[in-house]
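>>> no sequence on this one, just coordinates:
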C-alpha cells in the first residue's frame, strides 16, 4: 500500500513540474519511508523541480524588466491634451 501511495504522490508532483501550476501543496501523511527503488525517481523529480524553479525565476525577472521598460516609455510620453482644467477664470 505504501508503495502505491508513494508512486501516486511522485506522479502528481511530476505532473505539477510539467504544468508549472504553482498550486499549493500539502505534505502527504502516513506514507512511511520511501521505498528504496523509488529514491532515484524522487531525486530526479527534485532536480526537475529545481530546474523549473530556476526557469520560472528567470522568466519572472525578464517580465519585470519588460514591465519596467514599458513604464519608462509611458512616463516619458507628453500628454496630448489638457492635464487639468483651470476653472478659476
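The structure has been received and is ready for your questions. This structure is a prediction, so every number in the text was calculated from the model and none was measured. Residues are numbered from 1 along each chain as shown.
>>> and the longest helix belonging to the chain, what does it pack onto?
In the chain, with assignment by DSSP state H, the single longest helix is helix 39-76. Here helix 39-76 touches helix 2-19, going by 3 or more CB pairs under 8 Å, 6 or more residues apart in numbering; DSSP states H and E. All C-beta spots, glycine's among them, are computed from the backbone N, C-alpha and C.
>>> Now the helix it packs on: buried residues?
By neighbour count on 16 or more other CB atoms under 10 Å, the buried set for helix 2-19 is 6, 9, 10, 16, 17.
>>> Read off the pLDDT value for residue 22.
Here, the pLDDT recorded for residue 22 equals 68.
>>> nearest to residue 31, of the buried residues of helix 2-19?
residue 6 (5.8 Å; CB to CB).
>>> And the closest one, what's its pLDDT?
95.
>>> hang on, it packs against residue 39?
No: here residue 6 does not reach residue 39: they are 10.2 Å apart, not a contact under CB atoms under 8 Å.
>>> Would you mind measuring the gap between the ends of stretch 18-33?
With CA to CA, to the nearest Å as the measure, the first residue of stretch 18-33 is 25 Å from its last.
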